[in-house]
Structure formats: C-alpha cells, structure tokens
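S.K.: turn this into a model:
(chains A and B)
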Amino acid sequence: MDPDLSLLLNGIVSGLLLGGLYAAAASGLAVSFGMLDIVNIAHPVLMVAAGFFVVLVGTALGLDPLLVAVLQAPLFYVLGIGLYTAYNYFFERRGDEALQGLAFFFGVMFIIEVGLVLLFGPEQRFLDPDYAFVTWRLGEIDVPLRMLIPALLAMASIGALYWFLQRTFTGLAIAAVAQDPEALRLMAVDPVRIKRIAFGISVALASIAGGALVVVQPIDPSTHNVFIGRVFAICIMGGMASLPGCILAAFLFGVVENLTATFYGPSWAPAVAFGWLLLVLAVRPQGLFGRAA
Amino acid sequence: MSAATLPAPALPPALPKERKHLTYWLGAAAVAAALIVVLRLIGNEYGWYAGYFVLQYVVLAAAWNILGGYAGYVNFGAAGFMATGSYTAVVLNEAFGFDVLPGILGAAVVAGLLGLGTGYLTLRLRGVYFSIATLCLSVVLQTLVVNWDYVGGSRGAYIIRPRSVPPFLSYGEYIFVVMLVLAVIAVGIGRTVEMSRLGRGLQAIRDNERAAEAVGVPTLRLKLIATTLSGALMGVAGAPLPFYAGYINPEGAFNLAYAVNCIAMPLIGGAGTWLGPVIGAVLLATLQQAATVTISSALNLWIVGWMLVLFVALAPRGILGWFRRR
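M.R.: Now for the predicted structure:
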C-alpha cells in the first residue's frame, strides 16, 4: 500500500481509539455541564485524580487499572454527591451560580491539582497492564490494545449510562430536570435529589475515564490542563446534553487531533483542537449536532 | 451572567467629579512615594523583587475586574493576555533592542487588539461559553509560542538587561518603580471606569444584558471597550516580566497560577469595586510571597485555591462586602 495512505488509515484508526478515551472523559461532563447546567471545570482534574488513585491501588494490590477504576467509581459517586451538595448549598440555592459558582469550581480544580502535587509529587506516574504491550495487526493497520481496551470500556460505560437515562425512572427524571425543574417538582420528585444523583454519576464516570487515561498514557498532576479544552469542546460540539452527539464529536475530535499530530507534529495538535473549539463557539455555539436554541 | 448578584457600589458622596479624581491621584502618588522611601530605608534588594511581585498582581487584578467585576464576563485566560504582553516585549527587544518602556506600550497595543478580538466573541457567547473560549485562547496562544522559534520556542528566551538605570540604585528598584506607576495607572483607570457612564453601562450588562440592551445601553460597544481595556492592561502587566526575571519560557508565562490569582484576588477583595482588587492582590500576593519564602511554592498555591473557594462560598461579596450593607 502507498505509505501515505497507510499513514492516513493508521492515523484515522488510532484517532478513533483516542476518541474512545475522549468520549469517556466528555460523557461525564455531558451529564453535569450538558444536562444539569453545572460548569464543572474540575471534571478533568477529577479524572486525573482518579488516575492517580488507580495507579496507587493498582500497584499496591497488583490489580488491573481498569478494574480498579470501576471498583472505585462508587467512591467517586459519593465524592460527587458531596461536591454537589456544597455547590447547591452555597451557590445554586442563592442564585449565585453564574460568577461565584464558576469561581468555586475553578478553585476546586486548583486545589485538587496542587493537592496531587503535594501528595504524589510533580513527576509522571504510570501503571501498564500486560496487554498494553500487545498490538493487533489487521493488514497495514495497527490496533494497539493499549488504546482499544480503554475505548471499549468507555463505550460500555456510556452504553450503560444511555440505557439508564432512557429506561429508568431516575434516568428520565435527570433528563427532565435539565428541561424544567419546576415541572419535576409537580410530579413529587425533588429536583435537588435528582441533580445530586446525576452529579454523582458524572463524577463516577470521571473515575472510569481516569482508569482509561492511565492505560493510554502516563499522567502527572497537570495532565488535566489539556483535557479541559478538549472535553468542553467535545461537549459543546456534541450539542451539550446528547450522549450520541458527544460520542460522535469525541471520535471526530480524536481523528482530527491525531491526523494533525501525524502530519504536522504533536506540538501542533492542541492548537488545532482548541482553535476548532473557538471556531465552533464563534460560528455555531449550539454545537455541530445540537439544535438552535 | 444575568443571575450574578454583586453589590451595587455605594453611591459616592456628592463631591465635584474633578476633585474626587484629583484626591485619588494625589493620594496614590503619596502612597507610592512612601513605598519607595520605606523600601529604600530597608535597603534590601529582595524588597524590590517582592514588591514587584505584589504590584504586578495589583495591575492584573484591576484589569480582570474591569471585565469580570463590572460586566460579569469571567476571563479564564488572563495568563494568555499577560504572556502576550511578555512576548511582545521580548520580540520588540529582540528585533529593535527596545527597552522595557517601549515594550510596555507595544504590549498594551497587541494585548488590547487581542482583547478587542475576544470582545467580538461576546457577540454570540454569553456567560460560561465566553469563559471557556478565553481558556482555549490561552492554550492556542501557548501552542503558537511553543512552536515559534524566534522567541525560543519551549526553551524560552533570555533578555540582557542593563545593570542599572540612573537615577535608580539598582535595576530591581527601576523595574519596581515602573510597575508601581503601572499599578497606580491601572487602579486609576478602574476607578474612572467605575465612576463613568461606561461603568454604569457595564453594571447594567452584568445585571441583565437583555434588559440593558432594551433600554438603549450600547452593550456591544461597551463590552468591546471593556475587553480591550482589560486585555491591554493585562498585557501591560506582563511586559516587564522578562526584564524582571531576565528569562521567560512558555510554561512560566502561561502558568495557570496567573489565571487563578486574577480571579481569586478581585473576588476575595470585592469584585465590582475599584478598591477590592487592590485589597485582594496585596493580601494574596503578600501571603504567597511569604509562603514561598518560608514554606514551599506548591503549598502557597494551595492556600490561594482554598481561600478562593472559602471566600466565594462564605463571603461572596469579598472583604469589602463586610463593611457594606447589602
């Protein structure tokens, strides 16, 4: 095969796999930012914090990082509930969520990042399971399991979330609270309780994304910086509250970023990604897959 | 941002306008002169450097406050604007051998134009979308600088500064005085904005942009003025940085600490008032300097994060809010 074509195909495939990781990171945000309208810019740093605990626990007990990530997800669910309770008590209830709430999550993000530096030091951490060194070859195309297995876990967890949102009463209530909390109250459902559960779920998803992140790449406390723009970009491009839109946007984003890195060098990749978001924001704020407000 | 409820500034006592401004400028000049005298009496070179650090944040916080405090548009990309100023000064120095003062002017122009550009973003982006866009802008700029060999790429750039500039005793004193003048000007601009029609218009935008537009406030023009002014002042704050340190690299110039401090300082002092950012900046920056020297630099940033969270949760009106009725 033509080497350029092979490079292109490989770039697309690994971009899709990378998109799986991005989908995992962005799906939690699609719940908190998209559905609940809570601008949780601490989401990526929660993911990185989850990654650090995965490394810590996985190394100590010799467990698979993805398994640890799933096992610790309930803990992060509780953490999310605590975070939302504080947010609701201090800001949402008072109607101060715009400026002060934004500053609150910014501060939380900073506290977690610096807390990780103080706890673990600034150096990179990694935990490689055995399959991380296996690569399947399909003709000219390489499929590294290091990327494939986290992407599959991401798809599975997003699938479970989708089922939950479509098929259970609480899930439907989450979708409803995004549209009209007052109407929900008339159905004798407490919107604050529903939002608490939803926010807990979004932080639990950050835990799973953190496990996937550790398998894909080594992490350090500042890793989340590049993810902030990515996950918000994906979330906005995906049309905020829509999970299928979020997955599509994540794949698209992964491919574009990866092709840029392949053909122009990795140091340009963030500029393209973020530039794209700026463009989307400036031209089509409702997202590529969203409907006009 | 329409739901943001910040204190309406207390109505100033009925002094004639010119006299009020004169009082500020004379008072600020007196405070500045006193500062220089005290630091000279202490006679320690470190005093100038620590003072510069604090004053730089006074300028940044005052700049952020013009857009964030009055108009309610939260800028997460302060580091990007500041680094734009720093690198403009580096380029001017490298290309024409310009010293710090022309560098500051150049930085004001370039960062002001950048601010004007983000101002047009507010046409379509309200609230959090604007904030996210500014954060992205900062990352895009950092990537550009990292890939730009002329200013040293990720290795950074060196500036050879003169040993001293007469009549000042040392270069440290010179750069401190430059920053002091910039701080007085920046706070003065913030104060003038607050007392002018511009400030009242921006406050109307913060409280309810649609309503403001409906009653005839020229929202776009006011927002453009505010973003340009705020951006230019942030660039000005960054321009002396390479001269202060003699070296600059993208990682340092685009440090997230600038962004978080820029938000924390006005909010802790009292956003939407001209004095609030000054109080917040002096308090937080002094605290950080003290913690850096005595404990560690990671811990001092941690303290800033906690203070920001505690203040927005428990005292949303900042320190000035304690002294004012709701």
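
S.K.: which residues of the stretch 151-300 of chain B lie near chain A?
M.R.: B:154, B:256, B:260, B:263, B:264, B:267, B:271, B:298, B:299 (Cβ under 8 Å from any Cβ of the partner chain). To be clear about C-beta, it is placed using only N, CA and C from the backbone, and glycine gets the same treatment.

S.K.: ok, now which ones touch the fourth one?
M.R.: Each residue near residue B:263 by Cβ atoms under 8 Å, 6 or more residues apart in numbering or on different chains is listed here: A:103, A:106, B:64, B:68, B:74, B:76, B:78, B:308.

S.K.: how does it look with 6 Å?
M.R.: residue A:103 (Cβ atoms under 6 Å, 6 or more residues apart in numbering or on different chains).

S.K.: give me the buried positions along stretch A:248-256.
M.R.: A:248, A:249, A:250, A:251, A:252, A:253, A:254, A:255, A:256 (16 or more other Cβ atoms under 10 Å in any protein chain shown).

S.K.: from the middle of its chain, how far away would it be?
M.R.: 13 Å (Cα atoms, centre = their mean, to the nearest Å).

S.K.: neighbouring contacts of it?
M.R.: So stretch A:248-256 is in contact with A:12, A:15, A:16, A:18, A:19, A:22, A:23, A:26, A:234, A:237, A:238, going by Cβ under 6 Å, 6+ apart.

S.K.: ok, and the most crowded of the residues you listed?
M.R.: Neighbour counts for those, by other Cβ atoms under 10 Å in any protein chain shown, peak at residue A:26, which reaches 34 neighbours.

S.K.: can you tell me the SS state at that residue?
M.R.: State at residue A:26, reduced to three classes by DSSP: H, G, I helix; E, B strand; the rest coil: helix.

S.K.: residues in contact with the residue nearest to it when sequence neighbours are not counted?
M.R.: Counting by Cβ to Cβ, 6 or more residues apart in numbering or on different chains, the nearest residue to residue A:26 once its immediate chain neighbours are dropped is residue A:234, at 4.0 Å. Listed by Cβ under 6 Å, 6+ apart, the contact set of residue A:234 reads A:22, A:26, A:249, A:250, A:253.

S.K.: what are the ranges of the strands in the chain?
M.R.: Reading this off chain A. A:135-138, A:141-144 (DSSP state E).

S.K.: you looked at the wrong chain, it should be chain B
M.R.: B:157-158, B:247-248.

S.K.: could I get those strands as CSV with mean pLDDT?
M.R.: CSV is the format used below for those (pLDDT from 0 to 100):
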stretch, mean pLDDT
strand B:157-158, 84
strand B:247-248, 87
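
S.K.: can you put the ones you listed in TSV and add distance to residue A:220 and mean neighbour count?
M.R.: Formatted as TSV, the strands of chain B follow (distance: least, Cβ to Cβ, whole Å; neighbours: other Cβ atoms under 10 Å in any protein chain shown):
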stretch	distance to residue A:220	mean neighbour count
strand B:157-158	25	18
strand B:247-248	23	19
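
S.K.: for residue A:221, which of those is the nearest?
M.R.: Residue A:221 sits nearest to strand B:247-248 of all those, at 22.9 Å, using Cβ to Cβ.

S.K.: what's that closest one in contact with?
M.R.: B:86, B:156, B:157, B:158, B:242.

S.K.: spatially, which two of the residues you listed are the most separated?
M.R.: Those two in these that are separated most widely, counting by Cβ to Cβ, are B:86 and B:158, at 13.0 Å.

S.K.: which residues of chain B score low on pLDDT?
M.R.: For chain B, the stretches flagged by pLDDT under 70 are B:1-18, B:123, B:325-326.

S.K.: distance of residue A:53 relative to chain B?
M.R.: 19 Å (Cβ to the nearest Cβ, to the nearest Å).

S.K.: near that residue, how many other residues are there?
M.R.: 19.

S.K.: with adjacent residues omitted, what lies nearest to it?
M.R.: Nearest non-adjacent residue to residue A:53 (Cβ to Cβ, 6+ apart): residue A:72, at 6.1 Å.

S.K.: that neighbour - how many residues pack around it?
M.R.: Residue A:72 has 20 nearby residues by other Cβ under 10 Å.

S.K.: contacts only, for the one residue in the stretch 51-200 of chain B that gets nearest to chain A.
M.R.: Nearest residue of the stretch 51-200 of chain B to chain A: residue B:143, at 3.7 Å (Cβ to the nearest Cβ). By Cβ under 6 Å, 6+ apart, the contact set of residue B:143 is A:270, A:271.

S.K.: tell me if I'm right that residue B:285 and residue B:55 touch.
M.R.: No. Contact criterion Cβ atoms under 6 Å: residue B:285 and residue B:55 do not qualify, at 8.4 Å.

S.K.: which stretches of the stretch 1-150 of chain A form helices?
M.R.: A:3-29, A:43-61, A:65-87, A:102-120, A:145-167 (DSSP state H, counting those that start in this stretch).

S.K.: output those as CSV; include the columns distance to residue B:190 and mean pLDDT.
M.R.: CSV is the format used below for these (distance: least, Cβ to Cβ, whole Å; pLDDT from 0 to 100):
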stretch, distance to residue B:190, mean pLDDT
helix A:3-29, 35, 86
helix A:43-61, 32, 91
helix A:65-87, 30, 91
helix A:102-120, 19, 88
helix A:145-167, 46, 89
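
S.K.: out of the ones you listed, nearest to residue B:60?
M.R.: When the helices of the stretch 1-150 of chain A are compared for distance to residue B:60 using Cβ to Cβ, the nearest one is helix A:102-120, at 15.5 Å.

S.K.: coming back round to it: neighbour count winner among residue B:285 and residue B:55?
M.R.: residue B:55 (28 against 23).

S.K.: isn't the more buried one up against residue B:182?
M.R.: No. Using Cβ under 6 Å as the test, residue B:55 is too far from residue B:182 to be in contact (7.4 Å).

S.K.: list the contacts of residue A:241.
M.R.: So residue A:241 contacts A:34, A:35, A:178 (Cβ under 6 Å, 6+ apart).

S.K.: same question but for residue A:19, I mixed them up
M.R.: So residue A:19 contacts A:250, A:251, A:254 (Cβ under 6 Å, 6+ apart).

S.K.: possible to save the residues you listed as CSV with pLDDT and distance to residue A:89?
M.R.: Putting the contacts of residue A:19 into CSV (pLDDT from 0 to 100; distance: Cβ to Cβ, whole Å) gives the following:
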residue, pLDDT, distance to residue A:89
A:250, 90, 33
A:251, 90, 38
A:254, 89, 38
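
S.K.: inside helices: which ones of the residues you listed?
M.R.: A:250, A:251, A:254 (DSSP state H).

S.K.: for the stretch 1-150 of chain B, what lies in contact range of chain A?
M.R.: B:1, B:3-4, B:74, B:121, B:124-125, B:128-129, B:132-133, B:136, B:139-140, B:143, B:146-147 (Cβ under 6 Å from any Cβ of the partner chain).

S.K.: show the buried residues in those residues.
M.R.: B:1, B:4, B:74, B:121, B:125, B:128-129, B:132-133, B:136, B:139-140, B:143, B:146.

S.K.: do you know how far residue A:80 is from residue A:133?
M.R.: 34 Å (Cβ to Cβ, to the nearest Å).

S.K.: nothing else from me, thank you.
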